[in-house]
Every structure is written in structure tokens, then in C-alpha cells.
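A structural model of the following input is requested.
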Amino acid sequence: MFLNTQIISGGPGLWAFALILSVILAAMIFFFTTFTHEPRFYKPVAAYVGFVLSVAWIYVIANEVVDVASMIGVMAGVSHELLGLTILAWANSINDMVADFSVARQGFPRMAISAAIGGPLFNLMIGFGLSFFIAKAQGKYITVRKSMF
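Predicted structure coming up:
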């Protein structure tokens with residue numbers, strides 16, 4: 001969905017602009033550099049571009065995963081709230097589990113247990129706390145439904 005965003009009304013999607021920009025940058029690197037001499041600006045520019053592209057890829061892939069999970073939930077007749085509390089929450093916690101297992105295998109089981117408890121608790125407190133704080137600062141009220149089904 002993100003890549004199909006149209007910058008110009010009626011124009012091609014964002015993917016076309018990214019492709020054109022990539023081809024131009026690749027041509028500039030190919031024609032203005034040599035194999036024996038590295039440009040001064042290459043490493044810092046490559047680091048910043050790599051960071052921005054990594055964030056963009058993470059954003060795109062995360063949105064696609066959420067869209068696919070939402071579509072499966074709609075087809076199965078599951079509410080968005082229940083889907084968010086189960087499937088998406090489990091998928092969000094897989095990276096914490098892998099990191100905790102690797103820390104425990106390196107000989108730090110107490111640190112792994114602390115991270116297993118503290119990481120999700122931190123995410124919960126910051127996620128809800130920041131959302132509620134922003135809503136309260138804007139003068140909005142948050143309504144909570146009594147049933148998820």
C-alpha cells in the first residue's frame with residue numbers, strides 16, 4: 001500500500017520515483033568513481049542512506065504483515081482487537097524471545113529473565129502511557145469497549 005502511494009495525483013506510485021532515484025544514484029556511482037580510489041563522501045553517505053532505507057523497508061514490511069493478518073482476521077470473522085491481542089502481539093514478541101534465548105545461552109540467565117519481564121512491561125507502559133498522555137493533552141477521551149467480540 002505504501003509503495004502505491006501517489007505523490008502526484010494520477011501519477012505513478014512511490015515505487016516508480018524510488019526506482020528512478022536508485023537508477024540515477026547507481027549511474028552516478030558507476031561513472032564518477034574508480035575501483036582504485038574511494039570517494040571521501042562514500043562511507044558517511046552510504047551509512048545514512050542505508051539507515052533510511054532500512055527504516056523504510058521495516059515500515060513497509062511491518063505494514064504488509066499487519067494488512068495480511070487483518071485480512072485473515074476479516075475472513076475468519078475475528079475482531080481487530082482480538083487479532084491485535086493474539087497474533088500480532090505474538091509476532092511482535094518473537095524478536096524478544098530470540099534475544100532472550102541467546103543471552104541465556106551466553107551464560108546470563110538472570111539478565112535473560114529480567115529482559116523477558118522488563119521488555120514487554122516497558123513496551124506496555126510506554127505504549128499505553130504515551131498514547132493516553134497524548135490523548136489527554138489534546139483533550140480527547142479514550143473509550144474502552146467492554147467486550148472484544
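
mean confidence score for stretch 68-79?
Summarised as a single mean, pLDDT over stretch 68-79 is 85.

next, the buried residues of it.
Judged by neighbour count (16 or more other C-beta atoms under 10 Å), stretch 68-79 contains these buried residues: 69-70, 73, 78. Heads up, the C-betas are built off the backbone N, CA and C, glycines and all.

below-threshold pLDDT in the protein: ranges please.
1-13, 147-149 (pLDDT under 70).

all helices for it, in order.
14-32, 42-76, 80-83, 89-105, 109-137 (DSSP state H).

export those to TSV and tack on distance to residue 144?
What follows is the helices of the chain, written out as TSV (distance: least, C-beta to C-beta, whole Å):
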stretch	distance to residue 144
helix 14-32	36
helix 42-76	20
helix 80-83	10
helix 89-105	17
helix 109-137	11
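
could you dump the buried residues of stretch 68-79 to a markdown table with distance to residue 143?
Listed next are those as a markdown table, based on distance: C-beta to C-beta, whole Å:
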| residue | distance to residue 143 |
| --- | --- |
| 69 | 24 |
| 70 | 21 |
| 73 | 21 |
| 78 | 21 |
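
residue 89: which of these is nearest?
residue 69 (10.8 Å; C-beta to C-beta).

residue contacts, the closest one?
Neighbouring residues of residue 69 by C-beta atoms under 8 Å, 6 or more residues apart in numbering: 83, 87-88, 91.

understood, closing this out.
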